[in-house]
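J.: just a sequence and a predicted model for now, questions to come.
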Amino acid sequence: MIEEVAVALDVGGTGMKCALVGADGVVRHAERHPTDAGRGPAAVVETILSVAEGLAGKAYADGLTPTALGIVVPGVVDEARGVAVWSANVGFRDVPLRDLAAARLGLPTALGHDVRAGGLAEARLGAGRDTGHVLFVAIGTGIAAAHVVAGRAVTGAHGAAGELGHILVRPDGPVCGCGRPGCLEAVASASAVARRYAELTGTDTGTATTRRTGSASDDGSAAGPGRGRTMVTAAEVAARADAGEEVAAQVWRETVEALADGLATAQALFDVATIVLGGGLAQAGAGLFDPLRAALRDRLTFHREPRLVPAVLGDEAGCLGAALLALDQMETP
């Protein structure tokens, strides 16, 4: 009997994680390719289509049958129309990627959002498995979330559901990339941790920029002035806080308090059973989860406390989610 697989691509600003995935959610083959977003959106689209074709060819060569294609990208995605509406990381604006891919490969194609796809995979195959109502929160260069109910990720009326990073938590806080001061992302993302530490230690000269690779799982390192010297990362701030450094401990407390405020708001809105934290900041382990659980518990009154757990699928989550989107459309009448 010939095994059927989904062709799955998780497209980021720097690289693409690609796989052939069986109906059981197990990866049969995996590849990685550069995106080279600097070449422009048309070139990126051609790369996506060529890589997808190559994966389908690999499936046939291995005696597998590709039955569907799933592609996930960052930014704003209209999943119903299959359009990549906008993505700063990849340069897309109103790209009908689903139809382009379906025409090129001749396979039913699903287009989704990278974080929602990662949340879908964690909810169905990973840390949130069998818990029904899951909120997946990716904390890296930015902060984004996916609300998954009964194995389906909610997209919202305009494809923009899950922007947890733009909950207002500190009205007098730093200006967010969206233009408003005090968003959760501007205070508690990995990049915000690095910037805040640099500010308090006097290493921020005003010319530092954030290194961004197009994924919510980035570590949020800040590139220093001059030749792009890498300054302290959020992970290093966490380690220094654990070692007792006073400034690092202050930054970490501020981060935990802001995250707890954001998650308490999310719990009031969504009433989930499990919150799964992924991305670079979640790699701090108990140094993040122990104080964050306590701070979140302090903020809850009549709301049920959710289980707060780390993601387990790592950077494969988006690709697995892309495969699930592809496979799910085969079951939709």
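T.: Thanks, I have it.
J.: restricting to C-alpha, output stretch 9-20 in CSV.
T.: The C-alpha trace of stretch 9-20 is given here as CSV (Å, rounded to 0.1, in the frame of the first residue of the first chain):
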residue,chain,number,x,y,z
LEU,A,9,6.8,24.4,4.2
ASP,A,10,7.3,26.9,7.1
VAL,A,11,8.7,30.1,5.4
GLY,A,12,10.6,32.6,7.5
GLY,A,13,12.6,35.7,6.5
THR,A,14,15.9,33.8,6.6
GLY,A,15,15.1,30.2,6.0
MET,A,16,12.4,27.6,5.2
LYS,A,17,11.8,24.5,7.2
CYS,A,18,10.3,21.8,4.9
ALA,A,19,9.1,18.3,5.3
LEU,A,20,7.0,15.4,4.1
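J.: what mean pLDDT does that stretch have?
T.: Stretch 9-20 shows a mean pLDDT of 95.
J.: got it, and stretch 73-81?
T.: Rounded mean pLDDT across stretch 73-81 is 91.
J.: dump it to CSV, keeping only the CA atoms.
T.: What follows is stretch 73-81 as a C-alpha-only set of coordinates in CSV (Å, rounded to 0.1, in the frame of the first residue of the first chain):
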residue,chain,number,x,y,z
VAL,A,73,4.2,32.4,6.4
PRO,A,74,4.6,35.2,9.0
GLY,A,75,2.6,38.4,8.9
VAL,A,76,-1.1,38.8,8.1
VAL,A,77,-2.6,35.9,6.3
ASP,A,78,-6.1,35.6,4.9
GLU,A,79,-6.5,31.8,5.1
ALA,A,80,-9.9,31.8,3.6
ARG,A,81,-8.7,33.4,0.4
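J.: residues in contact with that stretch?
T.: Residues from elsewhere that reach stretch 73-81 (Cβ atoms under 8 Å, 6 or more residues apart in numbering): 11-13, 83-90, 92, 96-98, 110-115, 155, 158-160, 214-216. Where C-beta positions appear, they are placed from N, C-alpha and C, glycine not excepted.
J.: partner residues bridging Val72?
T.: Beta-bridge partners of Val72, counted by DSSP bridges, are Asp10, Gly112.
J.: separation between it and Leu292?
T.: When distance is defined by Cβ to Cβ, to the nearest Å, Val72 is 27 Å away from Leu292.
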